[in-house]
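S.K.: Sharing a model prediction with you, sequence too.
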Amino acid sequence: MSINHGGVTILSVPGVRLSVISLGYDPASFELVCARIAVGSFTSVIAVIYRPGSESITSTFFDDLSELLNQVVGYRNPVYIVGDINVRFDLQPC
């Protein structure tokens, strides 16, 4: 993204192992950080995204989101996509 709106991060407590996952692309419409999280025998993948509410929703957002889903679908662990996408689906034209 060309404008910094604050960024995204993943924080953990002691005993939680984090390792950054590079997905090999940089979305144009939102900020993204992705990591593998391991606690004991439980492992999952988390993608944290932030889409500024001050920007209009475009097809680029949906293309970027689709690419993110295509990238993480192959992991054998549960995948969590969290964050703030600032999309009011109740206000979008049908």
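M.R.: On my side now, so go ahead. Numbering: from 1, shown residues only.
S.K.: Which parts of the chain are helices?
M.R.: 59-72 (DSSP state H).
S.K.: so where's it uncertain?
M.R.: 1-6, 89-94 (pLDDT under 70).
S.K.: those strands in this protein, which residues are they?
M.R.: 17-20, 31-39, 42-50, 79-84 (DSSP state E).
S.K.: ok, the shortest one: who's next to it in the sheet?
M.R.: When pairs are called by DSSP bridges, strand 17-20 turns out to pair with strand 31-39 (antiparallel).
S.K.: To what extent is Asp64 buried, counted in neighbours?
M.R.: 20 (other Cβ atoms under 10 Å). Just so you know, the C-beta spots here come from the backbone N, C-alpha and C atoms, and that holds for glycine as well.
S.K.: List the residues that contact it.
M.R.: Shown in contact with Asp64 (Cβ atoms under 8 Å, 6 or more residues apart in numbering): Pro27, Ala28, Ser29, Phe30.
S.K.: so Ile21 sits right up against Ser44, yeah?
M.R.: No - under the criterion of Cβ atoms under 8 Å, Ile21 is not in contact with Ser44, lying 11.3 Å apart.
S.K.: Would you reformat the strands of the chain as JSON lines and include mean neighbour count and distance to Phe61?
M.R.: Below are the strands of the chain laid out as JSON lines (neighbours: other Cβ atoms under 10 Å; distance: least, Cβ to Cβ, whole Å):
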{"stretch": "strand 17-20", "mean neighbour count": "11", "distance to Phe61": "23"}
{"stretch": "strand 31-39", "mean neighbour count": "17", "distance to Phe61": "12"}
{"stretch": "strand 42-50", "mean neighbour count": "17", "distance to Phe61": "10"}
{"stretch": "strand 79-84", "mean neighbour count": "15", "distance to Phe61": "13"}
